[in-house]
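Participant: Just to be clear, the model below is a prediction. Sequence and coordinates:
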Amino acid sequence: MVSLPIFIMMIGILTSVSHITTVPWKNEPTNQTVATLSSDTGVTFSNPSNLHLDKDGDYQVSERHESFVATQPSTGDRQNISMLIREPVGASGQRPAIVFMHGAGYGTSDNSFGDVAKTLSSAGFVTVVIDKPVWNTSDVNRDYPASAKAYEQAVQYLRRQGNVNPDKVGIYATSESTWISAYLLEDDPKLAFQILLSPMVNSPRHSLGFLAAQDFALVGANPGYQSILRRLFSTDAALFGLNNIDIDTMHASAYAIPTFVAYGSKDVMTAQVEGTQEILKLAHQADNWNVTVRNYPIANHVLRLGDEAQSGTPLADHYPEDVTDWAVGQVHGLEQTSERVAGDTIRQSIAVPSDLHARPTLTVYMIGLHVAALLSMVVSIILAVIALVTKINHMVKHKGHALGFVHGFGGILLLITGTTLATLLLFVSGLGQVVVGVVKLAWGGAPEPAGMIYWSWPVIQIVSTLVVWAWSRVFGRLFEVASLRGLTNIHQSKDDLSAAEKRAIAQQKNKPVLASTRLGRVLFVVTTVAMFCILLVFAFWGLFVY
């Protein structure tokens, strides 16, 4: 009679937290497609004057290193950046040139873009790959405007070279750097052309939210795990001085020059249909109709065939030749005769969550709750260690009970705490399995059977509910013992008690409710608070939405 109302109140609180913190997320329309006009990805041009068009392998390639210092304007930090310049040996006259821009990670001039840069240089282009400009930033606080300034320094370096035509310098940007290229084109609209590999057209919040939601579904994660994404990508990062997540790069100026867009049909990270539509819309707003889109079968996010985690993964068939032919045609000002949109059908499983936005209140609650849970767990662990040392000392010296728990509360506390922590471990393990599956998928691996990443969610929900019931029984038992000690107001007047009840209360009054020692009582209270905080964490991430 006492435990049931306590259980109802506790489960009501936790369920309310789960529902209040729920973030709506629109996935429709689903299964969008763009039909290509030809399956042939080749790029051809009309050449009425019979100009000589360089192609892959026409020149030997020489390599040399230079360096420059890039300064981050917002902090004044400086980074010495190495440049690897590849040049076509024996090419006459001023040559077209390309600056390569890194995607996510920490690429250097020596370990990035080697095969593509050599291919383009063997077709007459001077190419430059630089160390990724990162300064003291990380992936979460990368300075995109400053990065654009660093790449602009490489562009200006090329324009000063005697063997480079300053009016025919373009860029090759991939994935994350397509956010940077938007800033670069604002600073330098005179760039001649751009090659965009798996461009992230939308803001980081929307692009990464799409990426995570789609990949969670593809690896077979239980839909409950999507609730974690919704809350996570609703974080107001600006509260912590991180403004990258909501940068706006969807400007017409970002697509105002001749643009080659390349996708892989096996890419699970890019919103290809909506990306293509936005690029074409913005380019047309800038009065640029020179946009070519290619979708390569079987290729992944970086246009490789197979698992990118393995070394030596080749580029998609015909991609190096296609991008070279397109770039050569552009620098000669020729009219393209091949289809603008070609290759495999462009597909997208769900919509970009464009209605997703920062939620400051939710963020403050999330941080406060997790800090409280962490601190309470640390304190409870410290107290548990002290209690263990004290117990061992009492056992060695035969001093009797160290904590003095009564009515079995010590064993109950140990059992239920262990169960709660085991549930937390299962939650972390299930989420970890999802993340591992997503990473493998992103690198081009095949999805594996869902297994734990599907059934762990309902199991955690069931176990969490049972844990709440167990805690309600503990609190009910506490209330019962306290009432026997006369510590509750369950009896408003002693006149209402029988003589036997009065004698029972008198006998129990001076006996402890929880434990006979202060350490035992403090350990119980602190551990209980820590475990309830963990249940609130579960509720925040949606485990009590049934």
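Facilitator: Good, I have the coordinates. Numbers count the residues shown, from 1 in each chain.
Participant: which residues touch the residue nearest to residue 137 when sequence neighbours are not counted?
Facilitator: The shortest distance from residue 137 to any non-neighbouring residue, by C-beta to C-beta, 6 or more residues apart in numbering, is to residue 143 (5.5 Å). C-betas here are computed from N, CA, C, even on glycine. For residue 143, the set of contacting residues under the criterion of C-beta atoms under 8 Å, 6 or more residues apart in numbering consists of 72, 74, 135, 137.
Participant: Pull out the buried members of those residues.
Facilitator: When neighbours are counted using 16 or more other C-beta atoms under 10 Å, the contacts of residue 143 contain these buried positions: 72, 135, 137.
Participant: my guess is the second one contacts residue 76, does it?
Facilitator: No: using C-beta atoms under 8 Å, residue 135 is not in contact with residue 76, being 9.7 Å away.
Participant: hang on, the earlier thing: now the residue nearest to residue 137: how far from residue 82?
Facilitator: Counting by C-beta to C-beta, to the nearest Å, the separation of residue 143 from residue 82 is 19 Å.
Participant: can you count the residues close to the closest residue in space to residue 360 that isn't next to it in sequence?
Facilitator: Excluding the flanking residues, the one nearest residue 360 by C-beta to C-beta, 6+ apart is residue 236, at 4.4 Å. When neighbours are counted by other C-beta atoms under 10 Å, residue 236 registers 18.
Participant: Also residue 172?
Facilitator: Residues near residue 172, counting by other C-beta under 10 Å, number 26.
Participant: Could you do residue 439 as well?
Facilitator: By the other C-beta under 10 Å criterion, the neighbourhood of residue 439 contains 13 residues.
Participant: From residue 301, how far off is it?
Facilitator: 12 Å.
Participant: in the stretch 151-300 of the chain, which ranges drop under the pLDDT threshold?
Facilitator: Confidence mapping of the stretch 151-300 of the chain against pLDDT under 70 gives zero matching residues.
Participant: domains for this structure, by residue range?
Facilitator: Following automatic domain parsing, one finds the domains of the chain at 3-23+359-540, 45-201+254-348.
Participant: List the buried residues for stretch 205-224?
Facilitator: Judged by neighbour count (16+ other C-beta under 10 Å), stretch 205-224 contains these buried residues: 205-217, 219, 221-222, 224.
Participant: which one of the domains of the chain is the most hemmed in?
Facilitator: The highest mean neighbour count among the domains of the chain, using mean count of other C-beta atoms under 10 Å, belongs to domain 45-201+254-348: a mean of 19.
Participant: so how far is it off the chain centroid?
Facilitator: Averaged C-alpha coordinates place domain 45-201+254-348 at 24 Å from its chain's average position (C-alpha atoms, centre = their mean, to the nearest Å).
Participant: start at 33 instead
Facilitator: Sounds good: first residue 33 from here, last item domain 77-233+286-380.
Participant: end to end, how far does it reach?
Facilitator: The first and final residues of domain 77-233+286-380 sit 30 Å from each other (C-alpha to C-alpha, to the nearest Å).
Participant: circling back to that earlier point, could you dump the domains of the chain to a markdown table with distance to residue 274?
Facilitator: As requested, the domains of the chain are exported to a markdown table (distance: least, C-beta to C-beta, whole Å):
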| stretch | distance to residue 274 |
| --- | --- |
| domain 35-55+391-572 | 11 |
| domain 77-233+286-380 | 5 |
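Participant: Residue 424 belongs to a helix?
Facilitator: Yes: membership of residue 424 in a helix is supported by DSSP: H, G, I helix; E, B strand; the rest coil.
Participant: List phi and psi for residue 121.
Facilitator: When quoted as degrees, to the nearest 10, the phi and psi of residue 121 stand at phi -70, psi 130.
Participant: oh sorry, the question was meant for residue 254
Facilitator: For residue 254, the backbone dihedrals are phi -60, psi 140 (criterion: degrees, to the nearest 10).
Participant: Spit out the contact partners of it.
Facilitator: Counted by C-beta under 8 Å, 6+ apart, residue 254 has contacts 485-490.
Participant: of those residues, closest to residue 351?
Facilitator: Residue 351 has its nearest neighbour among the contacts of residue 254 in residue 485, at 32.9 Å by C-beta to C-beta.
Participant: is it true that that closest one touches residue 249?
Facilitator: No: with contact defined as C-beta under 8 Å, residue 485 does not reach residue 249; the gap is 11.2 Å.
Participant: Just the pLDDT for residue 522.
Facilitator: Per-residue confidence for residue 522 comes out at a pLDDT of 49.
Participant: what ranges do the strands span in this protein?
Facilitator: Shown for the chain, the strands assigned by DSSP state E span residues 64-66, 77-78, 93-103, 110-120, 127-133, 158-162, 196-206, 226-229, 291-296, 323-328, 367-368, 373-375, 378-380.
Participant: and those strands as JSON lines, adding distance to residue 553?
Facilitator: What follows is the strands of the chain, written out as JSON lines (distance: least, C-beta to C-beta, whole Å):
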{"stretch": "strand 64-66", "distance to residue 553": "61"}
{"stretch": "strand 77-78", "distance to residue 553": "84"}
{"stretch": "strand 93-103", "distance to residue 553": "60"}
{"stretch": "strand 110-120", "distance to residue 553": "57"}
{"stretch": "strand 127-133", "distance to residue 553": "62"}
{"stretch": "strand 158-162", "distance to residue 553": "63"}
{"stretch": "strand 196-206", "distance to residue 553": "60"}
{"stretch": "strand 226-229", "distance to residue 553": "63"}
{"stretch": "strand 291-296", "distance to residue 553": "62"}
{"stretch": "strand 323-328", "distance to residue 553": "67"}
{"stretch": "strand 367-368", "distance to residue 553": "80"}
{"stretch": "strand 373-375", "distance to residue 553": "70"}
{"stretch": "strand 378-380", "distance to residue 553": "58"}
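Participant: wait, which of the ones you listed is closest to residue 480?
Facilitator: Of all these, it is strand 291-296 that lies closest to residue 480, at 20.5 Å by C-beta to C-beta.
Participant: Look up how far residue 460 lies from residue 265.
Facilitator: Relative to residue 460, residue 265 is positioned 19 Å away (C-beta to C-beta).
Participant: for residue 324, same thing?
Facilitator: Counting by C-beta to C-beta, the gap between residue 324 and residue 460 amounts to 46 Å.
Participant: go on, residue 173?
Facilitator: Distance check for residue 173 against residue 460: by C-beta to C-beta, it reads 26 Å.
Participant: and if you look at residue 97?
Facilitator: Computed with C-beta to C-beta, the distance linking residue 97 and residue 460 is 45 Å.
Participant: How about residue 116?
Facilitator: When distances are taken as C-beta to C-beta, residue 116 and residue 460 turn out to be 42 Å apart.
Participant: Provide a list of residues in contact with the nearest residue to residue 409 once chain neighbours are set aside.
Facilitator: Leaving aside its chain neighbours, residue 409 sits nearest to residue 562 (4.8 Å; criterion: C-beta to C-beta, 6+ apart). Applying C-beta under 8 Å, 6+ apart to residue 562 gives the contacts 405, 408-409, 411-412.
Participant: one more time with 7 Å, if that's ok
Facilitator: With contacts defined as C-beta atoms under 7 Å, 6 or more residues apart in numbering, residue 562 is in contact with 408-409, 412.
Participant: Please determine how far it is located from residue 498.
Facilitator: When distances are taken as C-beta to C-beta, residue 562 and residue 498 turn out to be 19 Å apart.
Participant: Residue 381: neighbour count?
Facilitator: Residue 381 sits with 17 neighbouring residues when counted by other C-beta under 10 Å.
Participant: where exactly do the helices run in the chain?
Facilitator: Listed in chain order, the helices of the chain (DSSP state H) span residues 35-52, 146-153, 176-191, 209-219, 236-250, 258-264, 304-317, 351-363, 392-429, 441-474, 484-516, 531-540, 550-572.
Participant: which one of those helices has the lowest average pLDDT?
Facilitator: The stretch with the lowest average pLDDT out of those is helix 531-540, scoring a mean of 57.
Participant: For the spatially most central residue of the chain, which non-adjacent residue is closest in space?
Facilitator: Most central in the chain under C-alpha atoms, centre = their mean is residue 240, positioned 5.9 Å from the mean C-alpha point. Using C-beta to C-beta, 6+ apart and skipping the chain neighbours, the partner closest in space to residue 240 is residue 265 (7.0 Å).
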